[in-house]
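J.: Here is a sequence together with a model predicted from it:
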Amino acid sequence: MHFSFLALASSLSLLSLVSAVPQPQATTPPSTVTPPDRYYLKTKVIDGGDKTKDGFYVTSYHTGAGLDDAVLEVTTEHAAKGFLNATYQQFDFNTRDPVSINTGQQTVGFYFNETGLQWDYAEDGFAGWIVCDWWHGLPQLFWKYNFYEYLLPCSCAQVELHPVAV
């Protein structure tokens, strides 16, 4: 099963969830916080952003054979159950294999700190998470690209993704 995120213009980068069975990494980044064994990822709007994007849970929206976009809903009824496998952020959708976040470059390097889910590849452009009203009538999740200064569209908000125990 493959989950892809649409890119918003050139200022947001492609992000996807890909079915994978990764090899665990031996190291973890510094300043980590241990999340619950299984959790939902819940948005927290930061930097004075659009508060209507606050308190949503990450889930998937089917777009085609083996493809889904990461979207957000207000309840946990269909929310993705996440877990860390070493430094791989994975989700359990009751499929044969776990589903991983794939940023198009590296799939490892995920961890939690006091501001939620992080990806330890700032040199590749990661500068946080963004939620935007986009294609499916539901807010969609993107990662913010740090190499450009830009204003977010008014339908977007920068968010943190915090674990909430299942």
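T.: That came through, no problem. Residues are numbered from 1 along each chain as shown.

J.: Sheet partners, orientation included, of the top strand by length along the chain?
T.: Criterion DSSP state E: the longest strand present in the chain is strand 156-165. Strands that pair with strand 156-165, judged by DSSP bridges, come out as strand 39-45 (antiparallel), strand 126-133 (antiparallel).

J.: which stretch among these comes nearest D92?
T.: When the strands paired with strand 156-165 are ranked by proximity to D92, the top entry is strand 39-45, at 10.7 Å, counting by Cβ to Cβ. For glycine as for every other residue, the C-beta is placed from the backbone atoms N, C-alpha and C.

J.: Compare the mean pLDDT across the strands paired with strand 156-165 and name the weakest.
T.: The stretch with the lowest mean pLDDT among the strands paired with strand 156-165 is strand 126-133, at a mean of 90.

J.: quick one: buried residues of it?
T.: 126, 128-133 (16 or more other Cβ atoms under 10 Å).

J.: what do you get for stretch 152-166?
T.: Residues 152-153, 156-163 are the ones in stretch 152-166 that count as buried (16+ other Cβ under 10 Å).

J.: Dump the residues you listed into a markdown table; add distance to T87 and pLDDT as well.
T.: Supplementary listing: those in a markdown table, determined by distance: Cβ to Cβ, whole Å; pLDDT from 0 to 100:
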| residue | distance to T87 | pLDDT |
| --- | --- | --- |
| L152 | 28 | 85 |
| P153 | 31 | 87 |
| C156 | 27 | 92 |
| A157 | 26 | 94 |
| Q158 | 23 | 94 |
| V159 | 21 | 96 |
| E160 | 18 | 97 |
| L161 | 15 | 97 |
| H162 | 18 | 98 |
| P163 | 15 | 97 |
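
J.: Can I get stretch 72-81 as CSV, trimmed to CA atoms?
T.: Output of stretch 72-81 as CSV, limited to C-alpha atoms (Å, rounded to 0.1, in the frame of the first residue of the first chain):
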residue,chain,number,x,y,z
LEU,A,72,-6.8,15.0,8.9
GLU,A,73,-10.1,14.4,10.7
VAL,A,74,-11.6,15.6,13.9
THR,A,75,-12.1,12.2,15.5
THR,A,76,-10.0,9.1,16.1
GLU,A,77,-12.6,6.8,14.4
HIS,A,78,-10.5,6.4,11.2
ALA,A,79,-7.2,7.8,12.6
ALA,A,80,-3.9,6.1,11.7
LYS,A,81,-2.4,4.2,14.6
